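Engineer: Below are the sequence and a predicted model for it; my questions follow.
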Amino acid sequence: MVTEANKTLPVLRLQLEASTAHFRVIHSNNPRKTYPLPPYSTVIGLLANILGDEAKIAALLTGKLALGILAQHEYLTKEYTWLRNMSPSAHKNRFFSVYNRQWQETPEHPGGQSPVVVEVLNEVKVYIYLHHHNVAVIDSLQKNINQPERWLSHLHLGRAEDWAMIDQAALGELHLSNAGFDFQGAGGYYQWMPAPTKAFGLEGLLAPAAYTSLYNKMQGNALLVTSLYHLIQVPYETGKKGLIRNFSHIPARLCCSQVPFLDNFNLPTLLVDTELKTPVYMAAIDCGAEGMVTSADDNAG
(Lines give C-alpha, C1' and ligand atoms only; values in the text may rest on other atoms or scores of the structure.)
Protein backbone atom coordinates (compact mmCIF):
# COMPACT_ATOMS: atom_id res chain seq x y z
CA MET A 1 0.00 0.00 0.00
CA VAL A 2 1.32 3.44 -0.97
CA THR A 3 0.65 6.29 1.43
CA GLU A 4 -1.00 8.97 -0.68
CA ALA A 5 -0.36 11.92 1.62
CA ASN A 6 3.37 12.17 0.97
CA LYS A 7 3.71 9.40 -1.63
CA THR A 8 5.71 7.07 0.60
CA LEU A 9 6.14 3.30 0.48
CA PRO A 10 5.94 1.41 3.80
CA VAL A 11 8.73 -1.16 4.16
CA LEU A 12 10.35 -3.44 6.70
CA ARG A 13 14.07 -2.61 6.73
CA LEU A 14 16.53 -5.24 7.93
CA GLN A 15 20.14 -4.32 8.57
CA LEU A 16 22.51 -7.31 8.70
CA GLU A 17 26.21 -7.76 9.26
CA ALA A 18 28.44 -10.72 8.40
CA SER A 19 32.17 -11.22 8.87
CA THR A 20 32.39 -13.05 5.54
CA ALA A 21 30.11 -13.71 2.59
CA HIS A 22 30.26 -15.32 -0.84
CA PHE A 23 27.50 -14.88 -3.43
CA ARG A 24 28.72 -17.10 -6.21
CA VAL A 25 28.66 -15.98 -9.82
CA ILE A 26 27.21 -19.28 -10.97
CA HIS A 27 29.07 -19.51 -14.29
CA SER A 28 32.48 -18.94 -12.63
CA ASN A 29 34.47 -22.02 -11.70
CA ASN A 30 38.06 -21.37 -10.67
CA PRO A 31 38.33 -18.85 -9.23
CA ARG A 32 34.78 -18.88 -7.90
CA LYS A 33 33.82 -15.24 -8.17
CA THR A 34 31.33 -13.45 -5.96
CA TYR A 35 28.77 -10.74 -6.51
CA PRO A 36 29.18 -7.76 -4.14
CA LEU A 37 25.63 -8.23 -2.83
CA PRO A 38 23.19 -11.14 -2.43
CA PRO A 39 20.81 -12.01 -5.26
CA TYR A 40 17.07 -11.95 -4.64
CA SER A 41 17.02 -15.75 -4.19
CA THR A 42 19.43 -15.53 -1.25
CA VAL A 43 17.35 -12.84 0.46
CA ILE A 44 14.12 -14.80 -0.07
CA GLY A 45 15.83 -17.84 1.45
CA LEU A 46 16.89 -15.74 4.46
CA LEU A 47 13.32 -14.50 4.97
CA ALA A 48 11.98 -18.05 4.68
CA ASN A 49 14.53 -19.13 7.29
CA ILE A 50 13.31 -16.46 9.71
CA LEU A 51 9.64 -17.34 9.18
CA GLY A 52 10.41 -21.01 9.83
CA ASP A 53 6.91 -22.24 8.98
CA GLU A 54 5.57 -23.59 5.71
CA ALA A 55 2.27 -21.72 5.90
CA LYS A 56 3.98 -18.40 6.69
CA ILE A 57 6.47 -18.91 3.86
CA ALA A 58 3.56 -19.58 1.51
CA ALA A 59 1.97 -16.31 2.67
CA LEU A 60 5.25 -14.47 1.95
CA LEU A 61 5.22 -15.81 -1.60
CA THR A 62 1.60 -14.92 -2.26
CA GLY A 63 0.49 -11.61 -3.68
CA LYS A 64 2.54 -8.45 -4.10
CA LEU A 65 6.11 -8.82 -2.87
CA ALA A 66 8.81 -6.23 -3.53
CA LEU A 67 12.47 -6.33 -2.49
CA GLY A 68 15.30 -3.82 -2.47
CA ILE A 69 18.87 -4.81 -1.54
CA LEU A 70 21.85 -2.62 -0.66
CA ALA A 71 25.28 -3.89 0.38
CA GLN A 72 28.80 -2.76 1.11
CA HIS A 73 31.99 -4.51 2.22
CA GLU A 74 35.38 -3.37 3.46
CA TYR A 75 37.66 -5.62 1.40
CA LEU A 76 37.85 -8.80 -0.67
CA THR A 77 40.11 -11.78 -0.01
CA LYS A 78 40.70 -15.13 -1.70
CA GLU A 79 40.41 -18.49 0.01
CA TYR A 80 42.39 -21.47 -1.25
CA THR A 81 40.57 -24.72 -0.63
CA TRP A 82 39.99 -28.23 -1.99
CA LEU A 83 36.82 -29.55 -3.56
CA ARG A 84 36.46 -33.31 -3.16
CA ASN A 85 34.58 -35.92 -5.15
CA MET A 86 33.92 -39.13 -3.22
CA SER A 87 32.80 -41.27 -6.17
CA PRO A 88 34.82 -44.50 -6.77
CA SER A 89 35.61 -43.41 -10.33
CA ALA A 90 37.09 -40.10 -9.11
CA HIS A 91 39.20 -42.00 -6.58
CA LYS A 92 40.52 -44.36 -9.27
CA ASN A 93 41.34 -41.45 -11.56
CA ARG A 94 43.51 -40.03 -8.81
CA PHE A 95 45.03 -43.16 -7.24
CA PHE A 96 44.51 -45.77 -10.00
CA SER A 97 43.01 -48.25 -7.50
CA VAL A 98 40.22 -48.24 -4.94
CA TYR A 99 42.66 -49.87 -2.49
CA ASN A 100 45.24 -47.10 -2.67
CA ARG A 101 45.13 -43.53 -1.39
CA GLN A 102 48.78 -42.54 -1.53
CA TRP A 103 50.15 -40.08 -4.05
CA GLN A 104 53.91 -39.80 -4.34
CA GLU A 105 54.22 -41.81 -1.10
CA THR A 106 52.01 -39.35 0.78
CA PRO A 107 48.58 -40.45 2.12
CA GLU A 108 45.74 -38.23 0.94
CA HIS A 109 42.02 -37.90 1.51
CA PRO A 110 40.05 -40.56 -0.42
CA GLY A 111 38.28 -39.52 -3.62
CA GLY A 112 39.19 -36.98 -6.25
CA GLN A 113 40.24 -33.49 -5.31
CA SER A 114 40.76 -30.16 -7.04
CA PRO A 115 42.33 -26.95 -5.70
CA VAL A 116 39.90 -24.04 -5.96
CA VAL A 117 40.18 -20.31 -5.27
CA VAL A 118 37.08 -18.66 -3.74
CA GLU A 119 36.54 -14.91 -3.59
CA VAL A 120 35.23 -13.81 -0.18
CA LEU A 121 33.74 -10.49 0.91
CA ASN A 122 34.81 -9.31 4.36
CA GLU A 123 33.04 -7.12 6.94
CA VAL A 124 29.79 -7.10 5.01
CA LYS A 125 26.73 -4.94 5.63
CA VAL A 126 23.44 -5.70 3.89
CA TYR A 127 20.25 -3.65 3.95
CA ILE A 128 17.02 -5.40 2.92
CA TYR A 129 13.82 -3.50 2.13
CA LEU A 130 10.66 -5.60 2.06
CA HIS A 131 7.23 -4.40 0.98
CA HIS A 132 4.29 -6.81 1.20
CA HIS A 133 0.56 -6.30 0.88
CA ASN A 134 -0.11 -8.73 3.75
CA VAL A 135 0.61 -7.04 7.08
CA ALA A 136 0.57 -10.43 8.83
CA VAL A 137 3.72 -11.44 6.93
CA ILE A 138 5.57 -8.35 8.14
CA ASP A 139 4.32 -8.96 11.68
CA SER A 140 5.53 -12.59 11.63
CA LEU A 141 8.98 -11.53 10.46
CA GLN A 142 9.26 -8.91 13.18
CA LYS A 143 8.26 -11.38 15.88
CA ASN A 144 10.49 -14.21 14.68
CA ILE A 145 13.61 -12.12 14.29
CA ASN A 146 14.15 -12.23 18.05
CA GLN A 147 13.07 -15.87 18.44
CA PRO A 148 15.79 -18.06 16.88
CA GLU A 149 14.06 -21.22 18.09
CA ARG A 150 11.51 -20.61 15.32
CA TRP A 151 14.09 -20.35 12.55
CA LEU A 152 14.77 -23.20 10.14
CA SER A 153 18.51 -22.78 10.69
CA HIS A 154 21.06 -20.27 11.92
CA LEU A 155 20.98 -17.02 9.95
CA HIS A 156 23.45 -16.98 7.09
CA LEU A 157 23.89 -15.22 3.79
CA GLY A 158 24.50 -17.81 1.08
CA ARG A 159 27.05 -20.29 2.43
CA ALA A 160 26.20 -21.98 5.72
CA GLU A 161 29.53 -20.88 7.22
CA ASP A 162 28.79 -17.19 6.56
CA TRP A 163 26.83 -16.48 9.73
CA ALA A 164 24.87 -13.23 9.77
CA MET A 165 23.53 -11.04 12.56
CA ILE A 166 20.55 -8.71 12.38
CA ASP A 167 21.60 -5.35 13.80
CA GLN A 168 18.28 -3.64 13.21
CA ALA A 169 14.78 -4.49 12.07
CA ALA A 170 12.26 -1.70 11.92
CA LEU A 171 9.22 -0.51 10.01
CA GLY A 172 9.88 2.58 7.96
CA GLU A 173 9.08 4.39 4.76
CA LEU A 174 10.80 5.06 1.48
CA HIS A 175 10.11 8.62 0.36
CA LEU A 176 9.79 9.98 -3.16
CA SER A 177 12.46 12.56 -3.91
CA ASN A 178 14.51 14.03 -6.74
CA ALA A 179 16.68 16.19 -4.49
CA GLY A 180 20.42 15.75 -4.95
CA PHE A 181 20.80 15.85 -1.16
CA ASP A 182 18.86 12.58 -0.89
CA PHE A 183 21.07 10.89 -3.52
CA GLN A 184 24.49 11.81 -2.15
CA GLY A 185 25.13 8.37 -0.63
CA ALA A 186 24.24 6.40 -3.77
CA GLY A 187 27.86 5.72 -4.70
CA GLY A 188 28.56 4.00 -1.40
CA TYR A 189 26.27 0.99 -1.88
CA TYR A 190 26.03 -1.84 -4.36
CA GLN A 191 22.50 -2.66 -5.42
CA TRP A 192 20.43 -4.25 -8.14
CA MET A 193 18.50 -1.87 -10.36
CA PRO A 194 15.73 -3.98 -11.95
CA ALA A 195 14.82 -3.46 -15.58
CA PRO A 196 11.60 -1.48 -16.14
CA THR A 197 9.67 -4.69 -16.81
CA LYS A 198 10.48 -5.90 -13.27
CA ALA A 199 10.65 -2.63 -11.34
CA PHE A 200 8.17 -2.06 -8.53
CA GLY A 201 6.28 1.22 -8.37
CA LEU A 202 5.91 2.13 -12.04
CA GLU A 203 2.13 1.94 -11.69
CA GLY A 204 1.12 5.09 -9.87
CA LEU A 205 4.33 5.79 -7.92
CA LEU A 206 7.27 6.35 -10.27
CA ALA A 207 7.19 7.78 -13.79
CA PRO A 208 7.78 4.85 -16.19
CA ALA A 209 9.42 6.96 -18.93
CA ALA A 210 11.82 8.63 -16.49
CA TYR A 211 12.74 5.31 -14.88
CA THR A 212 13.37 3.70 -18.27
CA SER A 213 15.59 6.60 -19.29
CA LEU A 214 17.49 6.34 -16.01
CA TYR A 215 17.93 2.58 -16.40
CA ASN A 216 19.44 3.09 -19.85
CA LYS A 217 21.82 5.75 -18.56
CA MET A 218 22.87 3.99 -15.34
CA GLN A 219 26.42 2.67 -15.14
CA GLY A 220 26.61 -1.04 -14.39
CA ASN A 221 26.57 -4.45 -16.02
CA ALA A 222 23.21 -5.86 -17.07
CA LEU A 223 22.68 -9.27 -15.46
CA LEU A 224 20.05 -11.92 -14.83
CA VAL A 225 19.58 -12.17 -11.05
CA THR A 226 18.08 -15.32 -9.57
CA SER A 227 14.72 -14.96 -7.87
CA LEU A 228 12.16 -17.65 -7.00
CA TYR A 229 12.41 -21.25 -8.12
CA HIS A 230 10.23 -24.26 -8.66
CA LEU A 231 11.27 -27.91 -8.60
CA ILE A 232 11.40 -29.87 -11.83
CA GLN A 233 12.20 -33.53 -12.42
CA VAL A 234 15.14 -34.40 -14.66
CA PRO A 235 16.66 -37.73 -15.76
CA TYR A 236 20.11 -38.79 -14.57
CA GLU A 237 22.69 -40.76 -16.59
CA THR A 238 22.02 -43.80 -14.42
CA GLY A 239 18.41 -43.88 -15.60
CA LYS A 240 17.05 -42.53 -12.32
CA LYS A 241 15.21 -39.22 -11.98
CA GLY A 242 15.89 -36.40 -9.58
CA LEU A 243 14.66 -32.95 -8.65
CA ILE A 244 16.50 -29.73 -9.42
CA ARG A 245 15.69 -26.10 -8.67
CA ASN A 246 14.70 -24.15 -11.77
CA PHE A 247 15.13 -20.44 -11.02
CA SER A 248 13.33 -17.52 -12.56
CA HIS A 249 15.47 -14.43 -13.13
CA ILE A 250 15.11 -10.68 -12.86
CA PRO A 251 17.01 -8.60 -15.43
CA ALA A 252 18.85 -5.88 -13.54
CA ARG A 253 21.92 -3.66 -13.55
CA LEU A 254 24.58 -4.10 -10.90
CA CYS A 255 25.20 -0.50 -9.91
CA CYS A 256 27.26 1.43 -7.41
CA SER A 257 27.26 4.97 -8.72
CA GLN A 258 25.71 8.37 -8.40
CA VAL A 259 22.35 9.05 -10.06
CA PRO A 260 22.79 10.64 -13.52
CA PHE A 261 20.73 13.49 -14.88
CA LEU A 262 17.94 12.75 -17.33
CA ASP A 263 17.81 14.24 -20.83
CA ASN A 264 15.96 17.28 -19.49
CA PHE A 265 18.84 17.92 -17.03
CA ASN A 266 16.63 17.09 -14.04
CA LEU A 267 17.24 14.33 -11.54
CA PRO A 268 14.66 11.52 -11.60
CA THR A 269 12.13 11.08 -8.83
CA LEU A 270 12.97 7.89 -6.95
CA LEU A 271 12.23 6.06 -3.73
CA VAL A 272 14.92 7.01 -1.23
CA ASP A 273 16.15 5.99 2.19
CA THR A 274 16.52 9.42 3.77
CA GLU A 275 18.76 8.03 6.53
CA LEU A 276 21.34 6.47 4.18
CA LYS A 277 20.85 9.22 1.59
CA THR A 278 20.49 6.82 -1.31
CA PRO A 279 17.80 5.69 -3.74
CA VAL A 280 16.43 2.18 -3.24
CA TYR A 281 15.50 0.30 -6.40
CA MET A 282 12.65 -2.07 -5.59
CA ALA A 283 12.06 -5.19 -7.66
CA ALA A 284 8.63 -6.76 -8.11
CA ILE A 285 8.92 -10.47 -7.28
CA ASP A 286 6.51 -12.49 -9.39
CA CYS A 287 4.91 -14.99 -7.03
CA GLY A 288 2.50 -16.33 -9.62
CA ALA A 289 3.46 -19.91 -10.43
CA GLU A 290 6.92 -20.28 -9.01
CA GLY A 291 6.18 -22.66 -6.17
CA MET A 292 7.31 -22.26 -2.61
CA VAL A 293 10.84 -21.66 -1.42
CA THR A 294 11.60 -24.25 1.23
CA SER A 295 15.35 -23.85 1.52
CA ALA A 296 17.08 -21.23 3.65
CA ASP A 297 20.35 -21.82 1.78
CA ASP A 298 19.61 -20.16 -1.55
CA ASN A 299 22.89 -19.03 -3.03
CA ALA A 300 22.47 -19.60 -6.72
CA GLY A 301 23.67 -17.06 -9.19
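Structural biologist: Thanks, I have the structure now. Numbering: from 1, shown residues only.
Engineer: correct me, but Gln168 touches Glu17?
Structural biologist: No: Gln168 lies out of contact with Glu17 (Cβ atoms under 8 Å); the separation is 9.9 Å. (Glycine included, C-beta is placed from N, CA and C.)
Engineer: what about the two, which has more around it?
Structural biologist: The neighbour comparison of Gln168 against Glu17 (other Cβ atoms under 10 Å) goes to Glu17, with 16 against 11.
Engineer: Let's verify that one: helix, strand, or coil?
Structural biologist: When classified by DSSP: H, G, I helix; E, B strand; the rest coil, Glu17 comes out as strand.
Engineer: Could you check stretch 255-275 and say which residues are buried?
Structural biologist: Using 16 or more other Cβ atoms under 10 Å as the test for burial, stretch 255-275 gives 255-256, 259, 262, 267-273.
Engineer: Stretch 227-239 too?
Structural biologist: By neighbour count with 16+ other Cβ under 10 Å, stretch 227-239 contains the buried residues 227-229.
Engineer: can you list the weak-confidence ranges in the chain?
Structural biologist: Scanning the chain for pLDDT under 70 picks out the ranges 1-6, 103, 111-112, 288-301.
Engineer: Which stretches in it count as helices?
Structural biologist: 40-51, 54-60, 88-95, 135-145, 208-217 (DSSP state H).
Engineer: how about Ser140, what does it touch?
Structural biologist: Contact analysis of Ser140 by Cβ atoms under 8 Å, 6 or more residues apart in numbering lists 51, 53, 56, 59.
Engineer: Take those residues and write them to a markdown table, including distance to Ile244 and neighbour count.
Structural biologist: Compiled in a markdown table, the contacts of Ser140 are given as follows (distance: Cβ to Cβ, whole Å; neighbours: other Cβ atoms under 10 Å):
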| residue | distance to Ile244 | neighbour count |
| --- | --- | --- |
| Leu51 | 24 | 23 |
| Asp53 | 25 | 13 |
| Lys56 | 25 | 18 |
| Ala59 | 26 | 16 |
